[in-house]
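> coordinates for the following, if possible.
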Amino acid sequence: TKCAEGWLLGYLLVCCSGQCFAVKQSEDLMIEQGQSVLLNCSQSGTTHSYMYWFKQEKTETQLQLVAFLSQYSSNAIEKPFKDRFETPGMKDYKLPLILKKAETFDTGVYFCATQDHTVGQQHRKPDTKCIAGKCKHLGQCRYRDIYMV
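I've put the predicted structure just below:
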């Protein structure tokens with residue numbers, strides 16, 4: 001299957017075999033220490049049942065899994081992020097992520113991604129060692145920078 005992707009008005013647009021889908025995410029942010037932040041992510045043109053948030057630190061090429069949720073599961077913030085992040089869950093193919101009180105170490109690029117899942121497929125968490133921009137096994141990926149001042 002040949003696929004093409006491009007950016008259009010804040011969306012990552014991916015087209016495969018005549019079908020197009022998009023992931024839309026919050027714009028880049030510059031915030032002050034101690035502020036709370038709401039990152040939004042939504043998908044359109046598809047109904048992938050799994051959504052993820054990843055973080056990439058400035059000096060790293062690897063992505064860290066922050067949150068992993070599906071239409072059918074409860075909130076799953078990963079252990080290193082549990083105290084600082086929360087999400088109301090995935091609803092209507094949207095997955096907001098809330099950083100409760102930003103610290104300088106929260107500076108980074110935050111990626112939102114989706115993945116399709118069908119009955120009978122065994123699902124596992126994505127490889128958290130994937131390289132930025134190359135989200136293997138994920139249908140779509142979009143990112144936004146958060147800068148601390």
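> any idea how far Leu97 is from Ser36?
Separation of Ser36 from Leu97 (CB to CB, to the nearest Å): 11 Å. Glycine gets a C-beta too; all of them are placed from N, C-alpha and C.
> and Leu69, by the same measure?
Note on Leu69: its distance to Leu97, by CB to CB, is 10 Å.
> what do these two both touch?
Contact with both Leu69 and Leu97 is made by residues Thr87, according to CB atoms under 8 Å, 6 or more residues apart in numbering.
> neighbour count winner among those two?
Set Leu69 next to Leu97 and count neighbours by other CB atoms under 10 Å: Leu97 wins out with 26 against 21.
> separation between that one and Thr87?
As judged by CB to CB, Leu97 and Thr87 stand 5 Å apart.
> name the residues contacting each of these two.
Common neighbours of Leu97 and Thr87 (CB under 8 Å, 6+ apart) are Trp53, Ala67.
> got any ranges where the chain has weak pLDDT?
1-27, 75, 117-149 (pLDDT under 70).
> swap in 80 and give it another go.
The chain contains residues with pLDDT under 80 at 1-29, 44-48, 58, 70-75, 116-149.
> strands along the protein, start to end?
Per DSSP state E, the chain carries strands over the ranges 3-8, 11-16, 19-25, 29-31, 37-39, 41-44, 50-56, 64-70, 85-86, 97-99, 108-115, 140-148.
> direction included, what does the fourth one pair up with?
Okay, so that is strand 29-31. With DSSP bridges as the test, strand 29-31 is paired with strand 140-148 (parallel).
> do the same with the shortest one
In the sheet containing strand 85-86, the strands it pairs with under DSSP bridges are strand 97-99 (antiparallel).
> give me the neighbour count for Lys58.
Neighbour tally, Lys58, other CB under 10 Å: 9.
> next up, phi/psi of it, please.
Note on Lys58: backbone dihedrals following degrees, to the nearest 10 are phi -50, psi -40.
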